[in-house]
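>>> sequence plus predicted model, see below.
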Amino acid sequence: MFNWLSLITGLFYIVLGIVIIVYKFFFTLLEPAVAYPLGGLVMLYGVFRIWRAVSKIKNTGDHE
């Protein structure tokens, strides 16, 4: 269950990164020089969460 929740959280981070880049807003208005790297970093973290969850799901499936 935790791994599936981690997948959903990863998708949320990717969407949040896109929102930061498009609207240049994260609790306050951001300059483009800050919004693009921050949005990219948040999306990269979302991809990492998804990758880690998928690898854990695959590993638990092999042992059963």
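That came in fine, so what should we check first? Model, not experiment: these values are computed from the prediction.
>>> grab the most central residue of the chain for me.
Gly46 (1.7 Å; CA atoms, centre = their mean).
>>> could I get the full set of helices for the chain?
Taking DSSP state H, the helices of the chain run over residues 2-23, 32-63.
>>> pick out the shakiest of the ones you listed, pLDDT-wise.
Of all the helices of the chain, the minimum mean pLDDT falls on helix 32-63 (a mean of 90).
>>> and it, what's buried?
35, 38-39, 42-43, 45-46, 49-50, 53 (16 or more other CB atoms under 10 Å). All C-beta spots, glycine's among them, are computed from the backbone N, C-alpha and C.
>>> which secondary structure elements does it contact?
helix 2-23 (3 or more CB pairs under 8 Å, 6 or more residues apart in numbering; DSSP states H and E).
>>> what comes up buried for the helix it packs on?
6-7, 10, 13-14, 16-17, 20-21.
>>> does the residue nearest to the centre of the chain touch Leu11 like I think?
Yes: in this structure, Gly46 is within contact of Leu11 by CB atoms under 8 Å, at 6.8 Å.
>>> so how many other residues sit close to the closest residue to Ala35 other than its chain neighbours?
Spatial nearest neighbour of Ala35, chain neighbours left out: Lys24 (4.1 Å); criterion: CB to CB, 6 or more residues apart in numbering. Neighbour count for Lys24, taken as other CB atoms under 10 Å: 17.
>>> isn't Lys24 right up against Pro37?
No: Lys24 is not in contact with Pro37 according to CB under 8 Å; the separation is 11.9 Å.
>>> quick check: the residue nearest to Arg49 when sequence neighbours are not counted vs Leu29, distance?
Among residues not flanking Arg49 along the chain, Gly10 sits closest, at 3.5 Å (CB to CB, 6+ apart). For Gly10, the distance to Leu29 equals 26 Å [CB to CB, to the nearest Å].
>>> one more: Val42?
17 Å.
>>> do Pro37 as well
Taking CB to CB, one finds Pro37 at 16 Å from Leu29.
>>> then Gly39?
Gly39 is 14 Å from Leu29, by CB to CB.
>>> now do the contacts for the nearest residue to Ile20 once chain neighbours are set aside.
Leaving aside its chain neighbours, Ile20 sits nearest to Gly39 (3.8 Å; criterion: CB to CB, 6+ apart). By CB atoms under 8 Å, 6 or more residues apart in numbering, Gly39 lies in contact with 17-21.
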